[in-house]
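Visitor: sharing a model prediction with you, sequence too.
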Amino acid sequence: MATKKKNMRNTLDTQSIFELSKPGRRAARLPACDVPESSIDKLLPSEMLADGPPALPELSEPAIVRHFINLSTLNMSVDTHFYPLGSCTMKYNPKRNERAAAMPGLADLHPYQSEDTLQGMLQILFELQETLQEISGLAACSLQPAAGAHGELTALLVAAAYFGDLGERRTKVLVPDNAHGTNPASAAMAGFDSITVKTTADGFVDLDDLDAKLDDQVAVFMITNPSTLGLFEPNMRAVADKVHAGGGLIYLDGANMNAILGISRPGDFGADMQHYNPHKTFSGPHGGGGPGAGPICVTEKLAPYLPVPVVVRERSEVGGERPGNTNAVSESSASFRYRLDFDQPKTIGRVRAFFGNVGVLLRAYAYIRTHGPDGLRRISENAVLNANYLLSRVTHILPVPQGNRCMHEFVASASTLKRDKDIAAMDIAKRLLDFGYHAPTVYFPLTVPEAIMIEPTETESKETLDAFTEVLFRITEEDADLLHDAPHTTAISRPDEVRAARQPVLTYRAE
Amino acid sequence: MPYLYNTPEDQQAMLEAIGAESIDELFDPIPTELQLDRPLDLPPAMSEMELDRHLNTLAAKNRHAGQVVCFLGGGCYDHFVPAVVDAVASRSEFYTSYTPYQAEASQGNLQVMFEYQSMIARLTSMDVSNASLYDGASAAAEAVLMAITATRRHGKIVVAGSVHPEYRSTIATYLENLDTELVTIDAPAGVIDPDQLAAAIDDTTAAVVLQQPNFFGCIEDAHRVAQIAKEAGTLLITAFDPISLGILTRPGDYGTNIAVAEGHTLGTPMSYGGPFLGIMACDQSLVRRMPGRIAGRTVDRRGNPCYVLTMQTREQHIRREKATSNVCTNQGLFALRATIYLSQLGPQGLRETANLCLQKSRYAAQQLCANERFSLAFDAPTFKEFVVRDAENQVDRLLKSAEAEGFLAGIPLGQWYPELSDCFLVAVTEKRTKQEIDALVQSLANSSSQVPAQV
């Protein structure tokens, strides 16, 4: 049993904010109106005026701060805990990136300012487009999508437009059975039928099943490589060749790019399109569920269909800034002009308003610039080293069905424990919380029974991984009943999810 | 520099435990011919200090809202962000956590999601809210897809031409492969003609999409539109301005079925247009068709009240291709910021903010149009934005000259509405002072005296 921490939390302040409200309290003070004022009902038609303002809670500022800060202490986070949540790449979020993204000259910009007033921002975004293309080995980039799943949808719409332009009506998207759920959902949203391709017992694409399902109706094969099992697809080239031979496209789900930066490029292993999750790979803070971003890169032939706008660079027409100066240094940014290019007749259009999730992209830019090509490679090397080391230790405690090597993550199984001791993956996940570890991803991928998906990332130490392994071992030796009731040290334990779904309470009601 | 802990000795010990000779060996599963045989062609690493200098240099090439006075709107506004929002939201436990898959380790985030949903429901007079989507435009597109499945009407969507052009473009993209027609009702008077709308609706119409106040800042006859939609058995999707609801009728009160909004105005800076906050709230009857995360209140095994992600059978990780949407995150950080912001303002603060926007924008419109060169393009009442027509049809020159004097004076409308190429859109938030407004008016007047009138 873990030692119980003394609870110093002020429970009053984790009450609902609506219970803390009292009429007449207030926090914000607004300035007096400094222009001649008319009564509102003279300015607006009375039928469009509300009877009164909405029933928001009324609090003082100190009460607001205490409420939310106390709530924050009920969360685990990367800054406070080891967070080996597989597939989510919960690595350290460098503080310097936060400062960079908060610079007023980068944060306080309006999307409809003129390009003349945005040259620095557009340069950053242009360079990021180029950088993502180089890392992926693909020819063109759109920074517009707002999240990885949004990137998937965007790329599939690009594919549909491409085939439409060729005069082909392809209706199918193939998705392996161990793919993220977003893949088939994105395919459905883009108007395709999603067809599942089996994977083998080793966790690789079943080439026979692929052959059986490939036909001239297949538009795209969506593959996650390295896969959700943390394995590089050994038949990647063969898979790509088969799909390409039928005229189809390969989409790479880039969730696992953290394993292959500077080591292998999707464009070089056959991908025609990919998305990035910059909040994962390039370390944007996850913000309790977002924001992320989902930029996509595509091959040359798909570039005309990308969303608009993209940033383009042109030789500046403005001469005379430094007349007569011909040395190479003056060739730098001063002689370029950046602009937003909307003139793409074949574009799919937009998938959101404005340019993209620029704040997330700025952090990615800062991250990439401070790492350089060698640093990016070292990220992947150490992510893979950490994962393999943890695998080498965990495999003595929980079987890892897919073998003794992995890329950036691996999937262990609690199925033996479940059978022998009635200890499920969820029990282990919950019990880890008692020891101060965020749980790994459990019950995903669906192809592994009692799956426990562990991704340590490169920013954890050997000591952390050792301590985690010891706790994991200790847990598997514990009494099943203790685990069924875990966690024991958190503010709450084992919420009734069935009740939540069957009798939904989704907004506050006074009790 | 990578943020690595492990020393060369650690790495060696780890390799020994793994049974590998080198780190390179760990990449053996990648066929050699698929490995990159050169370093990435990227600039070398910068130190933190060099990064600071580099970005400061680039940032200095931009002109930001602290240097120029921003009268730009069009879905992104220079509203005030109270300090308490930054202070609380930057707390590491909010900032560096993730989607609350483990409720016991995420009660803070889950309770915030629940309080966010509760506040959005009250703000809009809608039954339920999700925990947020990407942005206003994609929320509008998701609402359209939701309406199609809920009504089982696949024929068409009718959208007001006064809805933000980028929202309409996003909806069109989402519908591209779905065989549903997008019909646009023009708004030559700045607002749509409800009768024209009624004529466009048929029994295959899944939804009507309205924006209130609309892209031009004008107030639509939302009651009438809602009545038309209801009579036709079609759903009403309203894109609203959260700040306006300090004084305007709430979407649920005039019969909106799905309310969506760009929520960055609730405590998130302009950030060149993103990341932002997509708000979505709907009727109770539609909740199981709603996309995105939803938090619910329940009890734990000890009977304590607590919060969980709920109704996950709608979601992609359970339903895969049959999910309501592919969305698998919310904009947690901005939902948090909105929750703090709305708590900080409270009902009176929101009302006062809305009133300041209204009063100041009306004053600005009046002062601008005192110059005979300028007039309001539309007669319909406005909230915080208005369309100005330039009698000399020199919008680009005018805005350029204002920019040189330190004003982002407005958005030229010709890019979306060729018939309004002599018009620009001006937004005035609570942050603008009388002095700034007067200076803008003066600047535009100077510009008009410098530019010779076109014959």
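Guide: Here it is on my side, so go on.

Visitor: roughly how far does residue B:11 sit from residue B:35?
Guide: Taking C-beta to C-beta, to the nearest Å as the measure, residue B:11 falls 20 Å from residue B:35. Just so you know, the C-beta spots here come from the backbone N, C-alpha and C atoms, and that holds for glycine as well.

Visitor: next one: residue A:124
Guide: 30 Å.

Visitor: neighbour count winner among the two?
Guide: residue A:124 (27 against 17; other C-beta atoms under 10 Å in any protein chain shown).

Visitor: next, that one: secondary structure please.
Guide: helix (DSSP: H, G, I helix; E, B strand; the rest coil).

Visitor: distance of it from residue B:57?
Guide: For residue A:124, the distance to residue B:57 - C-beta to C-beta - is 11 Å.

Visitor: likewise for residue A:247?
Guide: 47 Å.

Visitor: ditto for residue A:238
Guide: Applying C-beta to C-beta to residue A:238 and residue B:57 gives a distance of 48 Å.

Visitor: got it, and residue A:66?
Guide: 41 Å.

Visitor: and those two? Which one has more around it.
Guide: More crowded of residue A:66 and residue B:57, by other C-beta under 10 Å: residue A:66, with 17 against 13.

Visitor: what helix or strand does that one sit in?
Guide: Using DSSP states H and E, residue A:66 maps to helix A:61-72.

Visitor: packing partners of that helix?
Guide: helix B:83-89, helix B:92-95, helix B:107-124, helix B:332-369 (3 or more C-beta pairs under 8 Å, 6 or more residues apart in numbering or on different chains; DSSP states H and E).

Visitor: the same query, at a cut-off of 6 Å, please.
Guide: helix B:107-124 (3 or more C-beta pairs under 6 Å, 6 or more residues apart in numbering or on different chains; DSSP states H and E).

Visitor: just the mean pLDDT for the helix it packs on, thanks.
Guide: Per-residue pLDDT values across helix B:107-124 average out to 98.

Visitor: residue ranges with poor pLDDT in the stretch 201-350 of chain A?
Guide: The stretch 201-350 of chain A contains residues with pLDDT under 70 at A:317-334.

Visitor: one more time with 80
Guide: A:316-334 (pLDDT under 80).

Visitor: care to break chain A down by domain?
Guide: A:11-72, A:96-319+A:329-368, A:378-498 (automatic domain parsing).

Visitor: which parts of stretch A:415-423 are buried?
Guide: For stretch A:415-423, the neighbour count (16 or more other C-beta atoms under 10 Å in any protein chain shown) marks A:415, A:417-418, A:421, A:423 as buried.

Visitor: now do that stretch: distance to the chain's middle.
Guide: 33 Å (C-alpha atoms, centre = their mean, to the nearest Å).

Visitor: list the contacts of that stretch.
Guide: Applying C-beta atoms under 6 Å, 6 or more residues apart in numbering or on different chains, the external contacts of stretch A:415-423 come out as A:424, A:449-450, A:480, A:483.

Visitor: for chain B, name the helix or strand with the lowest mean pLDDT.
Guide: None of the helices or strands of chain B scores lower by mean pLDDT, DSSP states H and E than helix B:316-319, at a mean of 78.
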